[in-house]
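Colleague: Give me a model of this one.
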Amino acid sequence: MKILLVNHGSANNWGGGDGVQMRETSKRLINRGHEVDLVNSDTPEVEGYDLVHIFNCRVQHSFIQQMRTCLKAKIPTVVSPIWISIPKALWGSRGTLAVIQQLVEQGEEIGLKSLEMLKGRKLTVQLPNGTIDAQGQGTCDLSWMEEVGALLKQVDGLLTNSWLELKAVQNELNWCGDCFEVAPYGVDPSLFLDADPNPFRESFGIKGPFIVQGGRIEPAKNQAMLCWALRHTNLPLVLIGSSNNWPAYSELCKKIYGDQLKIIDHISQPLLASAFAAASVHVLPSWMETCGLVTLEAALTGTPVVGSNFGHELEYLRQETWWCDPADPNSISTAVQNAWNAGKTHHRPVTLKRRILEEFNWERTTDATEKIYNKVLKKR
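Modeller: I've put the predicted structure just below:
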(Lines give C-alpha, C1' and ligand atoms only; values in the text may rest on other atoms or scores of the structure.)
Protein backbone atom coordinates (compact mmCIF):
# COMPACT_ATOMS: atom_id res chain seq x y z
CA MET A 1 0.00 0.00 0.00
CA LYS A 2 0.97 3.61 -0.52
CA ILE A 3 -0.21 5.42 2.61
CA LEU A 4 -0.26 9.04 3.79
CA LEU A 5 -0.34 9.66 7.55
CA VAL A 6 -1.64 13.14 8.41
CA ASN A 7 -1.64 15.21 11.59
CA HIS A 8 -2.86 18.79 12.04
CA GLY A 9 -0.69 21.62 10.74
CA SER A 10 0.34 22.86 14.20
CA ALA A 11 1.34 19.40 15.50
CA ASN A 12 5.05 20.29 15.52
CA ASN A 13 4.37 23.06 18.03
CA TRP A 14 2.40 20.85 20.42
CA GLY A 15 3.87 17.34 20.33
CA GLY A 16 1.85 14.58 21.98
CA GLY A 17 0.90 10.93 21.73
CA ASP A 18 -0.73 11.27 18.31
CA GLY A 19 2.61 12.29 16.79
CA VAL A 20 4.38 9.41 18.55
CA GLN A 21 1.77 6.96 17.25
CA MET A 22 2.22 8.29 13.70
CA ARG A 23 5.99 7.93 13.77
CA GLU A 24 6.10 4.52 15.43
CA THR A 25 3.36 3.10 13.19
CA SER A 26 5.02 4.43 10.04
CA LYS A 27 8.34 2.77 10.93
CA ARG A 28 6.66 -0.60 11.25
CA LEU A 29 4.46 -0.20 8.18
CA ILE A 30 7.62 0.54 6.15
CA ASN A 31 9.30 -2.54 7.66
CA ARG A 32 6.30 -4.56 6.42
CA GLY A 33 6.81 -3.38 2.84
CA HIS A 34 4.42 -0.42 2.59
CA GLU A 35 5.29 2.99 1.18
CA VAL A 36 4.51 5.60 3.84
CA ASP A 37 4.70 9.39 4.01
CA LEU A 38 4.04 11.58 7.06
CA VAL A 39 2.85 15.17 6.96
CA ASN A 40 1.54 17.78 9.41
CA SER A 41 -0.89 19.73 7.23
CA ASP A 42 -4.47 21.00 7.24
CA THR A 43 -4.64 20.70 3.44
CA PRO A 44 -2.45 17.69 2.55
CA GLU A 45 -1.64 16.62 -1.02
CA VAL A 46 -3.50 13.30 -1.14
CA GLU A 47 -3.42 12.42 -4.83
CA GLY A 48 -1.64 9.18 -5.70
CA TYR A 49 -2.11 7.45 -2.35
CA ASP A 50 -4.11 4.27 -1.81
CA LEU A 51 -5.28 5.50 1.59
CA VAL A 52 -5.04 8.52 3.91
CA HIS A 53 -4.91 8.09 7.69
CA ILE A 54 -5.80 11.24 9.68
CA PHE A 55 -4.79 11.53 13.34
CA ASN A 56 -6.70 13.71 15.83
CA CYS A 57 -10.13 15.14 15.10
CA ARG A 58 -10.00 17.33 18.25
CA VAL A 59 -8.28 20.19 16.40
CA GLN A 60 -11.56 20.81 14.62
CA HIS A 61 -10.60 23.52 12.11
CA SER A 62 -7.74 21.32 10.86
CA PHE A 63 -9.80 18.13 10.77
CA ILE A 64 -12.62 19.78 8.82
CA GLN A 65 -10.16 20.94 6.13
CA GLN A 66 -8.37 17.58 6.03
CA MET A 67 -11.62 15.68 5.57
CA ARG A 68 -12.90 18.02 2.89
CA THR A 69 -9.63 17.51 1.02
CA CYS A 70 -9.95 13.70 1.20
CA LEU A 71 -13.65 13.65 0.31
CA LYS A 72 -13.06 15.91 -2.70
CA ALA A 73 -10.27 13.59 -3.92
CA LYS A 74 -12.40 10.48 -3.16
CA ILE A 75 -9.46 8.90 -1.34
CA PRO A 76 -10.19 6.07 1.15
CA THR A 77 -9.80 7.58 4.61
CA VAL A 78 -9.15 6.16 8.07
CA VAL A 79 -9.33 8.40 11.17
CA SER A 80 -7.74 7.98 14.60
CA PRO A 81 -9.94 10.43 16.53
CA ILE A 82 -7.71 10.67 19.67
CA TRP A 83 -11.01 11.71 21.23
CA ILE A 84 -11.66 12.87 24.75
CA SER A 85 -14.80 14.76 25.79
CA ILE A 86 -13.62 18.27 24.88
CA PRO A 87 -16.47 20.17 26.63
CA LYS A 88 -15.98 18.27 29.90
CA ALA A 89 -12.17 18.51 29.63
CA LEU A 90 -12.43 22.27 29.03
CA TRP A 91 -14.65 22.58 32.09
CA GLY A 92 -12.13 20.64 34.19
CA SER A 93 -8.94 22.28 32.98
CA ARG A 94 -10.18 25.88 32.89
CA GLY A 95 -12.27 25.49 36.04
CA THR A 96 -9.31 24.07 37.96
CA LEU A 97 -7.07 26.89 36.70
CA ALA A 98 -9.58 29.53 37.83
CA VAL A 99 -9.95 27.94 41.28
CA ILE A 100 -6.18 27.59 41.80
CA GLN A 101 -5.64 31.21 40.75
CA GLN A 102 -8.29 32.28 43.25
CA LEU A 103 -6.68 30.22 46.04
CA VAL A 104 -3.26 31.69 45.29
CA GLU A 105 -4.29 35.31 44.72
CA GLN A 106 -7.24 35.77 47.08
CA GLY A 107 -6.45 33.28 49.83
CA GLU A 108 -7.84 29.95 50.94
CA GLU A 109 -10.76 31.46 52.85
CA ILE A 110 -12.27 32.75 49.60
CA GLY A 111 -11.00 30.02 47.28
CA LEU A 112 -12.07 26.97 49.30
CA LYS A 113 -15.75 27.51 48.47
CA SER A 114 -14.94 27.42 44.76
CA LEU A 115 -12.74 24.37 45.30
CA GLU A 116 -15.62 22.51 46.96
CA MET A 117 -17.86 23.39 44.00
CA LEU A 118 -15.17 22.12 41.60
CA LYS A 119 -14.81 18.85 43.52
CA GLY A 120 -18.59 18.42 43.58
CA ARG A 121 -18.87 19.19 39.83
CA LYS A 122 -21.17 22.13 40.65
CA LEU A 123 -18.96 24.95 39.35
CA THR A 124 -20.00 26.89 36.24
CA VAL A 125 -16.95 27.98 34.25
CA GLN A 126 -16.78 31.14 32.14
CA LEU A 127 -14.94 30.63 28.85
CA PRO A 128 -14.23 33.37 26.25
CA ASN A 129 -17.23 32.24 24.17
CA GLY A 130 -19.71 31.40 26.94
CA THR A 131 -20.28 29.27 30.03
CA ILE A 132 -19.88 25.54 30.53
CA ASP A 133 -20.72 23.14 33.34
CA ALA A 134 -19.30 19.77 34.42
CA GLN A 135 -21.60 17.91 32.03
CA GLY A 136 -20.30 19.95 29.09
CA GLN A 137 -23.50 22.01 28.85
CA GLY A 138 -23.90 25.80 28.81
CA THR A 139 -23.93 28.83 26.53
CA CYS A 140 -20.53 27.99 25.00
CA ASP A 141 -20.84 27.36 21.23
CA LEU A 142 -20.12 23.68 20.60
CA SER A 143 -21.68 23.48 17.14
CA TRP A 144 -18.28 22.44 15.74
CA MET A 145 -18.82 19.02 17.35
CA GLU A 146 -21.82 18.46 15.09
CA GLU A 147 -19.67 19.13 12.01
CA VAL A 148 -16.88 16.86 13.25
CA GLY A 149 -19.45 14.14 13.99
CA ALA A 150 -21.01 14.51 10.54
CA LEU A 151 -17.58 14.22 8.87
CA LEU A 152 -16.68 11.14 10.94
CA LYS A 153 -19.77 9.44 9.53
CA GLN A 154 -18.22 9.83 6.07
CA VAL A 155 -14.88 8.19 6.88
CA ASP A 156 -14.20 4.68 5.60
CA GLY A 157 -12.82 3.35 8.89
CA LEU A 158 -12.17 4.38 12.47
CA LEU A 159 -9.10 3.40 14.53
CA THR A 160 -9.41 4.26 18.22
CA ASN A 161 -6.80 3.71 20.92
CA SER A 162 -9.21 2.05 23.36
CA TRP A 163 -12.72 0.68 23.61
CA LEU A 164 -13.52 3.53 26.00
CA GLU A 165 -12.49 6.03 23.33
CA LEU A 166 -14.69 4.27 20.77
CA LYS A 167 -17.63 4.45 23.17
CA ALA A 168 -17.00 8.17 23.75
CA VAL A 169 -17.04 8.78 19.98
CA GLN A 170 -20.34 6.89 19.74
CA ASN A 171 -21.88 8.77 22.66
CA GLU A 172 -20.59 12.28 22.05
CA LEU A 173 -20.24 12.46 18.26
CA ASN A 174 -23.09 10.05 17.44
CA TRP A 175 -20.85 7.79 15.37
CA CYS A 176 -22.57 4.52 14.51
CA GLY A 177 -20.32 2.91 11.90
CA ASP A 178 -19.25 -0.73 11.92
CA CYS A 179 -15.83 -0.48 10.21
CA PHE A 180 -13.46 0.03 13.13
CA GLU A 181 -10.51 -1.44 15.00
CA VAL A 182 -8.95 -0.69 18.37
CA ALA A 183 -5.18 -0.08 18.37
CA PRO A 184 -3.80 0.52 21.88
CA TYR A 185 -0.74 2.70 22.23
CA GLY A 186 2.63 1.00 22.50
CA VAL A 187 5.83 1.61 24.44
CA ASP A 188 9.35 0.98 23.16
CA PRO A 189 11.05 -1.47 25.57
CA SER A 190 14.47 -0.72 24.09
CA LEU A 191 14.14 2.78 25.56
CA PHE A 192 12.07 2.39 28.71
CA LEU A 193 12.47 -1.15 30.03
CA ASP A 194 14.84 -1.05 32.99
CA ALA A 195 16.24 2.34 31.95
CA ASP A 196 19.32 3.61 33.79
CA PRO A 197 18.44 6.40 36.28
CA ASN A 198 21.98 7.78 36.46
CA PRO A 199 22.20 9.82 33.22
CA PHE A 200 19.24 11.99 34.29
CA ARG A 201 20.56 12.47 37.83
CA GLU A 202 24.01 13.40 36.52
CA SER A 203 22.64 15.78 33.87
CA PHE A 204 20.49 17.77 36.30
CA GLY A 205 22.23 17.26 39.64
CA ILE A 206 19.26 15.53 41.31
CA LYS A 207 20.43 13.16 44.04
CA GLY A 208 17.49 12.23 46.28
CA PRO A 209 14.02 10.77 45.64
CA PHE A 210 11.50 12.87 43.72
CA ILE A 211 8.09 12.87 42.01
CA VAL A 212 7.91 13.43 38.26
CA GLN A 213 5.31 14.39 35.69
CA GLY A 214 6.02 14.23 31.97
CA GLY A 215 4.02 16.30 29.48
CA ARG A 216 3.40 19.85 28.26
CA ILE A 217 2.99 22.32 31.12
CA GLU A 218 -0.57 23.55 30.63
CA PRO A 219 -4.01 23.54 32.33
CA ALA A 220 -5.09 20.34 30.55
CA LYS A 221 -2.23 18.44 32.23
CA ASN A 222 -3.17 20.00 35.58
CA GLN A 223 0.30 20.63 37.03
CA ALA A 224 -0.89 23.65 39.07
CA MET A 225 -3.40 21.46 40.92
CA LEU A 226 -0.66 18.89 41.47
CA CYS A 227 1.55 21.60 42.96
CA TRP A 228 -1.30 22.80 45.17
CA ALA A 229 -2.07 19.25 46.31
CA LEU A 230 1.54 18.52 47.31
CA ARG A 231 2.62 21.96 48.52
CA HIS A 232 2.83 20.93 52.21
CA THR A 233 4.39 17.48 51.68
CA ASN A 234 7.98 18.68 51.21
CA LEU A 235 8.37 16.12 48.39
CA PRO A 236 10.65 17.30 45.55
CA LEU A 237 8.69 17.64 42.28
CA VAL A 238 10.10 17.61 38.74
CA LEU A 239 7.98 18.69 35.76
CA ILE A 240 9.39 17.70 32.36
CA GLY A 241 7.79 19.42 29.38
CA SER A 242 7.51 22.59 27.36
CA SER A 243 5.79 25.65 28.83
CA ASN A 244 6.11 27.66 25.60
CA ASN A 245 2.36 27.66 24.96
CA TRP A 246 1.44 28.56 28.58
CA PRO A 247 4.38 30.46 30.16
CA ALA A 248 2.14 32.12 32.79
CA TYR A 249 0.93 28.67 33.88
CA SER A 250 4.49 27.55 34.49
CA GLU A 251 5.03 30.66 36.64
CA LEU A 252 1.90 29.82 38.63
CA CYS A 253 3.33 26.36 39.40
CA LYS A 254 6.59 27.96 40.62
CA LYS A 255 4.67 30.41 42.79
CA ILE A 256 2.79 27.57 44.48
CA TYR A 257 5.63 25.08 44.98
CA GLY A 258 8.71 27.28 45.36
CA ASP A 259 12.24 25.87 45.54
CA GLN A 260 11.13 22.24 45.75
CA LEU A 261 9.92 22.45 42.13
CA LYS A 262 12.24 21.87 39.18
CA ILE A 263 10.96 22.50 35.64
CA ILE A 264 12.89 20.95 32.77
CA ASP A 265 12.06 21.72 29.14
CA HIS A 266 12.08 19.15 26.36
CA ILE A 267 14.70 16.39 26.75
CA SER A 268 15.64 13.41 24.56
CA GLN A 269 13.70 10.16 24.83
CA PRO A 270 16.63 8.25 26.41
CA LEU A 271 17.01 10.99 29.03
CA LEU A 272 13.24 10.98 29.63
CA ALA A 273 13.38 7.23 30.23
CA SER A 274 16.24 7.81 32.66
CA ALA A 275 14.15 10.45 34.49
CA PHE A 276 11.21 8.09 34.84
CA ALA A 277 13.50 5.34 36.15
CA ALA A 278 15.04 7.72 38.68
CA ALA A 279 11.69 8.96 40.02
CA SER A 280 9.88 7.45 42.99
CA VAL A 281 6.45 8.18 41.46
CA HIS A 282 5.09 9.39 38.12
CA VAL A 283 1.80 11.29 38.43
CA LEU A 284 -0.50 12.53 35.65
CA PRO A 285 -3.66 14.11 37.17
CA SER A 286 -4.77 15.16 33.69
CA TRP A 287 -8.04 16.34 32.15
CA MET A 288 -7.05 15.37 28.59
CA GLU A 289 -5.72 11.80 28.27
CA THR A 290 -6.94 9.12 25.89
CA CYS A 291 -4.21 6.87 27.28
CA GLY A 292 -1.51 8.73 29.17
CA LEU A 293 1.43 7.52 27.07
CA VAL A 294 4.00 9.00 29.50
CA THR A 295 2.34 6.97 32.27
CA LEU A 296 2.88 3.75 30.32
CA GLU A 297 6.47 4.78 29.59
CA ALA A 298 7.16 5.53 33.26
CA ALA A 299 5.50 2.29 34.32
CA LEU A 300 7.72 0.27 31.99
CA THR A 301 10.77 1.63 33.83
CA GLY A 302 9.28 0.06 36.98
CA THR A 303 8.14 3.30 38.64
CA PRO A 304 4.78 3.42 40.50
CA VAL A 305 2.27 5.59 38.66
CA VAL A 306 -0.71 7.75 39.62
CA GLY A 307 -3.47 8.11 37.01
CA SER A 308 -6.47 10.39 36.55
CA ASN A 309 -10.01 9.02 36.74
CA PHE A 310 -11.19 11.45 34.03
CA GLY A 311 -9.92 10.09 30.69
CA HIS A 312 -9.63 6.63 29.16
CA GLU A 313 -6.61 5.49 31.21
CA LEU A 314 -8.69 2.88 33.07
CA GLU A 315 -8.53 0.53 30.08
CA TYR A 316 -4.72 0.61 30.21
CA LEU A 317 -3.91 0.90 33.92
CA ARG A 318 -6.76 -1.07 35.56
CA GLN A 319 -5.95 -1.91 39.21
CA GLU A 320 -2.21 -1.42 38.81
CA THR A 321 -2.08 2.32 39.45
CA TRP A 322 -3.11 4.67 42.22
CA TRP A 323 -6.16 6.61 41.01
CA CYS A 324 -6.88 10.28 41.72
CA ASP A 325 -9.60 12.83 41.00
CA PRO A 326 -7.99 15.74 39.08
CA ALA A 327 -10.41 18.17 40.76
CA ASP A 328 -9.53 17.10 44.31
CA PRO A 329 -6.15 18.01 45.86
CA ASN A 330 -6.68 15.61 48.77
CA SER A 331 -7.28 12.74 46.34
CA ILE A 332 -4.11 13.62 44.40
CA SER A 333 -2.00 13.97 47.54
CA THR A 334 -3.24 10.69 49.00
CA ALA A 335 -2.64 8.76 45.76
CA VAL A 336 0.87 10.18 45.34
CA GLN A 337 1.89 9.47 48.93
CA ASN A 338 0.45 5.94 48.82
CA ALA A 339 2.38 5.22 45.60
CA TRP A 340 5.51 6.77 47.14
CA ASN A 341 5.21 4.60 50.25
CA ALA A 342 4.47 1.44 48.24
CA GLY A 343 7.70 1.67 46.24
CA LYS A 344 8.89 -0.12 43.13
CA THR A 345 8.65 -3.64 44.54
CA HIS A 346 4.90 -3.34 45.21
CA HIS A 347 2.73 -5.72 43.18
CA ARG A 348 1.00 -2.88 41.29
CA PRO A 349 4.06 -1.48 39.44
CA VAL A 350 5.50 -4.97 39.02
CA THR A 351 2.27 -6.32 37.46
CA LEU A 352 1.73 -3.24 35.26
CA LYS A 353 5.28 -3.40 33.92
CA ARG A 354 4.81 -7.04 32.96
CA ARG A 355 1.44 -6.37 31.33
CA ILE A 356 2.73 -3.40 29.30
CA LEU A 357 5.42 -5.65 27.85
CA GLU A 358 2.82 -8.22 26.87
CA GLU A 359 -0.03 -6.00 25.65
CA PHE A 360 1.16 -2.51 24.71
CA ASN A 361 3.76 -2.56 21.97
CA TRP A 362 3.91 -0.83 18.60
CA GLU A 363 3.84 -4.08 16.62
CA ARG A 364 0.37 -4.81 18.00
CA THR A 365 -0.67 -1.22 17.25
CA THR A 366 0.51 -1.71 13.66
CA ASP A 367 -1.30 -5.07 13.39
CA ALA A 368 -4.62 -3.33 14.12
CA THR A 369 -3.69 -0.46 11.79
CA GLU A 370 -3.00 -2.82 8.87
CA LYS A 371 -6.22 -4.67 9.62
CA ILE A 372 -8.38 -1.54 9.31
CA TYR A 373 -6.54 -0.48 6.13
CA ASN A 374 -7.25 -3.85 4.53
CA LYS A 375 -10.91 -3.73 5.62
CA VAL A 376 -11.32 -0.24 4.11
CA LEU A 377 -9.64 -1.07 0.79
CA LYS A 378 -11.59 -4.32 0.47
CA LYS A 379 -14.84 -2.46 1.15
CA ARG A 380 -13.99 0.17 -1.46
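
Colleague: so what's Leu293 up against?
Modeller: Shown in contact with Leu293 (C-beta atoms under 8 Å, 6 or more residues apart in numbering): Gly17, Val20, Tyr185, Val187. Glycine gets a C-beta too; all of them are placed from N, C-alpha and C.

Colleague: Let's see that with 10 Å instead.
Modeller: Counting by C-beta atoms under 10 Å, 6 or more residues apart in numbering, Leu293 touches 16-18, 20-21, 161, 185-187, 214-215, 284, 316, 360.

Colleague: Could you tell me the end-to-end distance of stretch 27-39?
Modeller: Its start and end residues considered, stretch 27-39 measures 14 Å (C-alpha to C-alpha, to the nearest Å).

Colleague: What residues of it count as buried?
Modeller: Buried residues in stretch 27-39, counting neighbours by 16 or more other C-beta atoms under 10 Å, are found at Arg28, Leu29, His34, Val36, Leu38.

Colleague: what's the pLDDT at the residue lying farthest from the centre of the chain?
Modeller: Centroid-distance maximum for the chain: Glu109 at 33.3 Å, with C-alpha atoms, centre = their mean. Per-residue pLDDT puts Glu109 at 89.

Colleague: isn't there a strand covering it?
Modeller: No - under DSSP: H, G, I helix; E, B strand; the rest coil, Glu109 falls outside any strand and is assigned helix.

Colleague: who touches it in this structure?
Modeller: Each residue near Glu109 by C-beta under 10 Å, 6+ apart is listed here: Leu103.

Colleague: Could I get the contacts of Leu293 in CSV, plus columns for distance to Leu71 and neighbour count?
Modeller: Output for these, formatted as CSV (distance: C-beta to C-beta, whole Å; neighbours: other C-beta atoms under 10 Å):
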residue, distance to Leu71, neighbour count
Gly16, 26, 17
Gly17, 26, 20
Asp18, 21, 23
Val20, 27, 19
Gln21, 23, 26
Asn161, 24, 26
Tyr185, 28, 24
Gly186, 30, 22
Val187, 35, 25
Gly214, 37, 24
Gly215, 34, 24
Leu284, 36, 27
Tyr316, 33, 28
Phe360, 33, 20
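
Colleague: what is the mean pLDDT for stretch 347-362?
Modeller: Stretch 347-362 shows a mean pLDDT of 96.

Colleague: ditto for stretch 154-165
Modeller: Mean per-residue pLDDT for stretch 154-165: 97.

Colleague: in that stretch, what counts as buried?
Modeller: For stretch 154-165, by 16+ other C-beta under 10 Å, it's Val155, Asp156, Gly157, Leu158, Leu159, Thr160, Asn161, Ser162, Leu164, Glu165.

Colleague: Same check on stretch 195-205?
Modeller: Under the neighbour-count criterion of 16+ other C-beta under 10 Å, stretch 195-205 has Ala195, Pro197, Pro199, Phe200, Arg201, Phe204 buried.

Colleague: quick one: the nearest residue in space to Leu191 that is not next to it in sequence and Asn198, what's the gap?
Modeller: Nearest non-adjacent residue to Leu191, counting by C-beta to C-beta, 6 or more residues apart in numbering: Ala273, 4.9 Å away. To Asn198, Ala273 is 12 Å away according to C-beta to C-beta, to the nearest Å.

Colleague: try Val20
Modeller: Separation of Val20 from Asn198 (C-beta to C-beta): 25 Å.

Colleague: tell me the contacts of Met288?
Modeller: 16, 58, 84-86, 89-90, 92-93, 215-216, 218-222, 308, 310-311, 326.

Colleague: likewise Leu357?
Modeller: Here Leu357 is in contact with Val187, Pro189, Leu193, Leu300 (C-beta under 10 Å, 6+ apart).

Colleague: quick one: Phe192 and Leu271 touch, right?
Modeller: No - in this structure, Phe192 is not within contact of Leu271 by C-beta atoms under 10 Å, at 11.9 Å.

Colleague: for the chain, which spans come out with low pLDDT?
Modeller: Along the chain, the model assigns pLDDT under 70 to residues 11-15.

Colleague: List phi and psi for the residue nearest in space to the middle of it.
Modeller: By C-alpha atoms, centre = their mean, the mean C-alpha position of the chain lies nearest to Glu289, the distance being 3.5 Å. Dihedral angles of Glu289 (phi, psi; degrees, to the nearest 10) stand at phi -110, psi 130.

Colleague: Apart from its chain neighbours, what residue comes closest to it?
Modeller: Gly311 is the one closest to Glu289 (C-beta to C-beta, 6+ apart), at 3.8 Å.

Colleague: Same question for Asp133.
Modeller: In this structure, Asp133 finds its nearest non-sequential neighbour in Thr124, 5.4 Å apart by C-beta to C-beta, 6+ apart.

Colleague: List the contacts of the one you found.
Modeller: Applying C-beta under 10 Å, 6+ apart, the residues near Thr124 are Trp91, Gly95, Met117, Thr131, Ile132, Asp133, Ala134, Gln137, Gly138, Thr139.

Colleague: And the strands in the stretch 251-380 of the chain?
Modeller: Ranges of strands within the stretch 251-380 of the chain are 261-264, 281-284, 305-308, 322-324, based on DSSP state E, counting those that start in this stretch.
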